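J.: Need a 3D model of the sequence below.
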Amino acid sequence: MKAHNKWLTAPLAAGLAAATLSGCGTDKDAGTGGAGTVVVGISDKVMATDPAAGYDPGSWLLFNNVFQSLLSFPKGATTPQPEAADKCEFDKGASTVYTCTLRDGLKFSNGNPLTSEDVKFSFERALKIDDPDGPGPLLSTIDTIETPDERTVVFKLKVPDATFPSKIASGAGSIVDHRAYPGDALRGDHKAVGSGPYKLESFSDTEAVFSVNADYKGTAKVRNTGIKLKFYQGDRKALAEGLKNGDVDVAYRGLAAADIKELNGSPTAGQKGIEVIEGSSAEVQHLVFNMKDPVAGKLGVRQAIAHLVDRDALVQDVYQSTATPLYSIVPAGILGHNTAFFDRYGDRPQPDKAKKALRDAGFDDKVKLTLWSTPSRFGPGTDQQLHAIAKQLNNSGLFDADVQSVEYDQYEKDIEAGKYGVYVKGWVPDYPDPDNFTQPFFGEGNVLGNHYENKKITNKIIPDTAAAADRTSAQDEFAKLQNLVAEDLPILPLWQAKQYAVAYNTVSGLEWTLDASTVFRFWEIKKG
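T.: Sure thing, here's the model as predicted:
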């Protein structure tokens, strides 16, 4: 698991998209994509067109539509189902041998047949290249891959891993043509050969054009004649202008919470033909504590902060209700969610309990504390949020807290060097399973960089839950993990995102692209 790639790139990054209303009128030709072609604007960068290199949300958006995986997440679901495969299953309940049988007659967009050889090649290639920005960590449990015939693939895993189906249903499981990709190097021409619902016709710094793949065989039912993806490279104002001027039909990923609030239910928006579509999300943001810090490393300090942070105020005042308060490690909508932090620390500031925690820890005077932020990675709302938290702490009379903000590269270096006591992190899930909200934070190689270790979690709970083929049977263990974390307080959950897209009312189907799987399904969108 790689911390620097799947961290939230902006507050509510996988879905916050909106536009200002000034001069925004309905345009029957909005998007200039032609009849049936939908133009979608995003502020994310698409860092890669080769699945062996991309591990960012923008790249996975491309992979999920151009490439097939053996399995995929149906709309609204968190359990993967066969896609390029006709069926997949663990052998006799074991979680170390996973066998998939491919659909008959699969083809790549260049006409070449897709066989078990391509599946084996794709996974072994990603592992061999081991690109620092690639999906290798999600495939690390693979030991060997066997192909007894053209339609059968057998994965033998190093350890029991019941989450393996979810991992390969993500962008990490993209299947490429072994004739079109080098086995030991990345393809560098920004072209792509997959077997998904769409073909990548062209790719540049400003846009990517996708046509419907007539040779596709799978579960997706395509409702448009193509997609044009326009890149706004993090420029929120330009994305807003693009929607306002009719350059795009849909704005997805990128603008501020205040814009969402302005648009949501606005009569003016309705008159001008713009709608806000809200969906569920599993994106989260946490306050992280350095367990070796001389101040934040003290449990009493962390407990005091947990008793004082008012999540409802943060969600309402900073994020304009485009998020919901989070009181657990596993977010709502994901198997294993509980309310461990609510149960232990409540949902309202409790200064008396905070004072007692500090006094019991030996702090009799105000506690000096710096909260560290990086808006260049997590968005401008992050600074505002941490200033609000500092104010909440200071209003108790127990803290003297301030906020420091630095650029992301320096932020990550300083965290690694142990320079920060309290800082913020966000998380975009790779797949909608509780394992993806626990193992990266509390397993070996902790991506938080906060020096937290609990052997009950690392040596027992995480391996046991990973081995549970029946995911519902692991709920009690995930509850134990969250209760232990709430007790130890290496992190404090703050909020869970909602997802949004904003579109002209001539566009339909967006509600099926906004769910906890984080898969933006081009094929569900229809114009006209």
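J.: Helices of the stretch 51-200 of the chain, residue ranges please.
T.: Counting by DSSP state H, counting those that start in this stretch, one finds helices in the stretch 51-200 of the chain at the ranges 57-66, 116-129, 164-168.
J.: Low-confidence stretches in the stretch 1-150 of the chain?
T.: For the stretch 1-150 of the chain, the stretches with pLDDT under 70 are 1-35, 93.
J.: Same check on the chain?
T.: Within the chain, the stretches with pLDDT under 70 are 1-35, 93, 255-256, 258-266, 268-272, 379.
J.: So the residue most central in space within it versus K244, what's the distance?
T.: Closest residue to the average C-alpha location of the chain: V428 at 2.2 Å, with CA atoms, centre = their mean. Distance of V428 to K244, given as CB to CB, to the nearest Å: 28 Å. For glycine as for every other residue, the C-beta is placed from the backbone atoms N, C-alpha and C.
J.: thinking again about what came up before, could you point out which of the helices of the stretch 51-200 of the chain sits nearest D235?
T.: Among the helices of the stretch 51-200 of the chain, the nearest to D235 by CB to CB is helix 57-66 (14.2 Å).
J.: what's the offset of the closest one from the middle of its chain?
T.: Offset of helix 57-66 from its chain centre (CA atoms, centre = their mean, to the nearest Å): 12 Å.
J.: and it, what does it pack onto?
T.: Where contact means 3 or more CB pairs under 8 Å, 6 or more residues apart in numbering; DSSP states H and E, helix 57-66 is packed against strand 198-203, strand 207-212, strand 226-231.
J.: buried stuff in it?
T.: Judged by neighbour count using 16 or more other CB atoms under 10 Å, the buried positions of helix 57-66 are P57, G58, S59, W60, L61, L62, F63, N64, N65, V66.
J.: same question, stretch 211-230
T.: By neighbour count on 16+ other CB under 10 Å, the buried set for stretch 211-230 is 212-213, 216-220, 222-224, 226-230.
J.: T79 is nearest to which of the helices and strands packed on helix 57-66?
T.: With CB to CB as the criterion, T79 lies closest to strand 198-203 of the helices and strands packed on helix 57-66, at 24.2 Å.
J.: ok, that closest one: who's next to it in the sheet?
T.: strand 207-212 (antiparallel) (DSSP bridges).
J.: between the partner strand and strand 226-231, what angle do the directions make?
T.: Going by axes from the mean of the first three to the mean of the last three CA atoms, to 10 degrees, strand 207-212 is angled at 160 degrees with respect to strand 226-231.
J.: Identify the residues contacting strand 207-212?
T.: Defining contact as CB atoms under 8 Å, 6 or more residues apart in numbering, one finds that strand 207-212 is touched by 46, 62, 65-66, 197-203, 222, 224-231, 522.
J.: Tell me how many other residues surround the residue nearest to S321 when sequence neighbours are not counted.
T.: Sequence neighbours aside, V315 is the residue nearest to S321 in space, at 6.1 Å (criterion: CB to CB, 6 or more residues apart in numbering). V315 has 21 neighbours, counted by other CB atoms under 10 Å.
J.: isn't there a helix covering V315?
T.: Yes - the assignment for V315 is a helix, going by DSSP: H, G, I helix; E, B strand; the rest coil.
J.: show me the contacts for it.
T.: S321, A323, T324, P325, W495.
J.: Which phi and psi values does the fourth one adopt?
T.: The phi/psi pair for P325 (degrees, to the nearest 10) reads phi -60, psi 140.
J.: What's the end-to-end length of stretch 203-213?
T.: This stretch, stretch 203-213, spans 16 Å end to end (CA to CA, to the nearest Å).
J.: cool, and stretch 413-427?
T.: One end of stretch 413-427 to the other measures 18 Å (CA to CA).
J.: That one: which residues count as buried?
T.: Buried residues in stretch 413-427 (16+ other CB under 10 Å): D414, I415, Y420, G421, V422, Y423, V424, K425, G426, W427.
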